[in-house]
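> Build me a model from this:
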Amino acid sequence: MNSFSPLPAATDAQRVREQYRDHVNAGYARLASMMNLPIEVSGAGVYLFDMDGNRYLDAGGYGVFLLGHSHPHVVEQVSRQLHSHPMASKLMLNPFQAQAAAALAAVCPGELQYVFFCNSGTEATEAALKLAWLNGCQQVISTAGGYHGKSLGALAVTGRELYRSPFADRLGHSHFVPFGDIDALRLQLESLSERACVILEPIQAEAGVIVPPADYLRQVRGLCDQYNAVLIADEIQSGMGRTGRWWACDHHAVTPDILLAGKSLSGGCVPVSAMVCTPQMQAPLNRHPLMHTSTFGANPLAMAAVMATLEVMQREHLVERAETLGQRLQQGLQDVLRQHPRGTQVQLRCAGLLLGLEFADAGLAANMVMHLIDQRIVVNHSLNDHRVIRLTPPALYSDSDIDWLLGGVARALASTFE
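Here you go, the predicted structure:
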């Protein structure tokens, strides 16, 4: 796919920048000007287009675009739903919600059976924390460096002081332990007199693609069982095939009590996220079904996107393709770093199509992002570690796309260290 949809002729780049400055966020407008960021107007397949018609290879999107942009089947199903019944009354039963919930549960591990759809990752986190509370969890344990969202409940378990400190007196008290340190988690659970829930990412994405020790997740599951704690796995970014399995937990045969999904759940077309839980966890909401609701959650448009996304992933074997492509990109990036005189100063971390390049400082990483834009490649920085640039490409790269990415990284690396 290769299509460019220009903005109306009257649209002016300078006007867009002024509107950002005056009506969106002045700070971000300054940052965009400093980095000379292009103005994005359309996307198709693995490509993005700016308002001048320049084509970019998408290796960013914060994990949203595993299916690329505007996948024809997803767009078709969402468009069909838009013209028949885009929004539900919320009083009568929603068949689209029921179908999408059953389809998502079918690809979840173990007894994860009940699905609550919402609109963003942070909403899924909020729902999970409330459900844990309803199940008697009076204490919350999270991990340093973890990222679970920026609404107040989600922020309470997000392990980055930069985002937490302005709201500290509104967040209550959460316990934070080092990610990957099973002994620290054990000591924390031992110290609590009340039931706890443990929330973590199987792979910390915003912390810079931090992969824990091989036995860590199984040991976490064991400790939660031992101390009657609820395990919440935040798979908003690591799930839906991103790491070469449906869920990162699947690599370790671990089933959480509550699983969070999002990002690529709707094929990059409509905002949607989900909390999936076991029947035991769901019991309080089954007794009181109006305890936690969302006006726009599970709207028919989003449900059409979820159904179409799951169909595409299974029909096009995208989980398997993510694993294979991830291995090729890992090998290729290792070769690029090996061939550069200062490549040893960059650390590569990979989990399928979740890849991170860690530089010695945030300035080098920012320069690398800008040089990659010069190479027409879009990547992301990591919110919890600005030294790390993150690649979350679609699973649909062709051989020429792989060459574009690897060649562009090599040239951008040379420019960054010149």
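> C-alpha from now on. contacts and neighbour counts both.
OK.
> Could you say which helix or strand holds the residue nearest the centre of the chain?
The C-alpha lying nearest the average C-alpha coordinate of the chain belongs to Gln237 (C-alpha atoms, centre = their mean; 2.5 Å). For Gln237, there is no host helix or strand (DSSP states H and E).
> so who does it touch?
By C-alpha atoms under 8 Å, 6 or more residues apart in numbering, the contact list for Gln237 reads 62-64, 205, 261-264.
> most neighbours, which of these?
Sorting these by how many neighbours each has (other C-alpha atoms under 10 Å) puts Ser264 first, at 30 neighbours.
> Please give the element, helix or strand, for Pro284.
Going by DSSP H and E, Pro284 is in helix 279-287.
> pLDDT averaged over that helix - what is it?
For helix 279-287, mean pLDDT is 97.
> Just the buried residues of that helix, please?
281-282 (16 or more other C-alpha atoms under 10 Å).
> Run through the neighbouring helices and strands of it.
Contacts defined by 3 or more C-alpha pairs under 8 Å, 6 or more residues apart in numbering; DSSP states H and E place helix 279-287 against helix 121-134.
> starting at the chain centroid, how far to stretch 331-345?
Its chain's C-alpha centre and that of stretch 331-345 lie 27 Å apart, by C-alpha atoms, centre = their mean, to the nearest Å.
> that older thread, which among the contacts of Gln237 gets closest to Ala412?
Tyr62 (20.3 Å; C-alpha to C-alpha).
> Can I get the helix or strand containing Gln19 in PDB, CA atoms only?
For Gln19, the host element (DSSP H and E) is helix 13-19. Included here for helix 13-19 are C-alpha records, laid out as PDB according to Å, rounded to 0.1, in the frame of the first residue of the first chain:
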ATOM      1  CA  ALA A  13       2.100  24.400   7.700                       C
ATOM      2  CA  GLN A  14       2.800  27.600   9.600                       C
ATOM      3  CA  ARG A  15      -0.800  27.900  10.600                       C
ATOM      4  CA  VAL A  16      -0.800  24.400  11.900                       C
ATOM      5  CA  ARG A  17       2.200  25.200  14.100                       C
ATOM      6  CA  GLU A  18       0.500  28.400  15.300                       C
ATOM      7  CA  GLN A  19      -2.700  26.500  16.200                       C
END
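> Next secondary structure after that helix?
Using DSSP H and E, the helix or strand that follows helix 13-19 towards the C-terminus is helix 26-35.
> what about that following helix, average pLDDT?
pLDDT averaged over helix 26-35 gives 86.
> buried ones in it?
For helix 26-35, by 16+ other C-alpha under 10 Å, it's Ala29.
> these two touch, right, Pro212 and Pro178?
No: applying C-alpha atoms under 8 Å, one finds Pro212 not in contact with Pro178, separated by 10.5 Å.
> quick one, the helix holding Pro284 and helix 121-134 angle?
90 degrees (axes from the mean of the first three to the mean of the last three C-alpha atoms, to 10 degrees).
> Now find how far off-centre helix 279-287 is within its chain.
27 Å.
> same check, this time on stretch 325-340
On C-alpha atoms, centre = their mean, the centre of stretch 325-340 falls 23 Å from the chain's centre.
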